[in-house]
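Peer 1: please find the sequence and the predicted model below.
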Amino acid sequence: MTTSSSSDGAPLRVGATRYMPSGIIRFDQYRSGETAIEIIDQHGEPQYVATVALVPYGAPHPGEYGVWLKGWSENEGVPEALVNAGIITLTGRKHPTGFCEAQHAELTEHARAALMRARGAVGAANCTRSKRVHCKQRELLGDSVYVENDGGMIRLTGNAFSRENVIFLESEVYAALRRWAHAHGYERVPQAGEGDLRDATATTVVHIHAELTDQEAWNLAQFIKRLRFDQCCELTDSGHAQQDRREQAYVMLAAINKIGNALKSAGYAPR
């Protein structure tokens, strides 16, 4: 989708947070119909996604101009930065996702106008494409990956302003990918919040049983609640590349949140 701009043509911007850089707002849409807010740099490269799609996991639809925001891990401080930038107003509503809670927000009038202009620009651009392609807006799968139908093939792209990161999947290739995913344990329905933590499903599921005292369970739940993404990054293998260390940290958080969910189910859910 095109970059979102104000009425004077200037792009909407958001300031830096503790872990994320400043950037330009780009609106998109999840498959569930929810609005997505992505932050890109001046070259159009994706930086991060501020929102999360929760309708597929049973959450109420946030509304035509509403969004569910991620404010945990590396997204700490992002909702507040969007408020300061005049993009959204927080409503105070929350919805659980894993061991965290997504915050509900409404786009400001300023941002709503930019969203409508962005939707109009995409609709016009899509309708001028080849007649072989249905006039349908591409969809955000998550993690800055988009999908669309392109002449009978599945088109995946990770950068709206570059064709270097585009993959075309023919039906035979997609079928082979499905078989591979099924064989390696990826073909399953995700639980709420797992997609946000880039959960890497292994081929073998490990079941762990542990006996904890009441004090141990409570303090562990407190630790999991307070654990931050940057702390997990610091605990990864320092000999690996930075991107590999970030991926390791995501997997750490995914596993730790599963323990947190088990504690929550047992009645240990500190506020």
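Peer 2: Thanks, I have it.

Peer 1: ok, which stretches of the stretch 51-200 of the chain are strands?
Peer 2: 66-69, 88-97, 100-107, 139-142, 145-150, 153-157, 166-169 (DSSP state E, counting those that start in this stretch).

Peer 1: just put those strands in JSON lines and tack on mean neighbour count and mean pLDDT.
Peer 2: For the C-beta atoms, the positions are set from N, CA and C on the backbone; glycine is no exception. Formatted as JSON lines, these follow (neighbours: other Cβ atoms under 10 Å; pLDDT from 0 to 100):
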{"stretch": "strand 66-69", "mean neighbour count": "24", "mean pLDDT": "96"}
{"stretch": "strand 88-97", "mean neighbour count": "16", "mean pLDDT": "93"}
{"stretch": "strand 100-107", "mean neighbour count": "22", "mean pLDDT": "94"}
{"stretch": "strand 139-142", "mean neighbour count": "18", "mean pLDDT": "72"}
{"stretch": "strand 145-150", "mean neighbour count": "17", "mean pLDDT": "77"}
{"stretch": "strand 153-157", "mean neighbour count": "17", "mean pLDDT": "78"}
{"stretch": "strand 166-169", "mean neighbour count": "13", "mean pLDDT": "78"}
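
Peer 1: those strands: which one's closest to Tyr57?
Peer 2: Nearest to Tyr57, of all the strands of the stretch 51-200 of the chain, is strand 88-97, at 7.1 Å by Cβ to Cβ.

Peer 1: return the list of strands paired to that closest one, each annotated with direction.
Peer 2: Based on DSSP bridges, the pairing partners of strand 88-97 within the sheet are strand 100-107 (antiparallel).

Peer 1: of the strands of the stretch 51-200 of the chain, which is nearest Lys264?
Peer 2: Of these, nearest to Lys264 by Cβ to Cβ is strand 88-97, at 8.8 Å.
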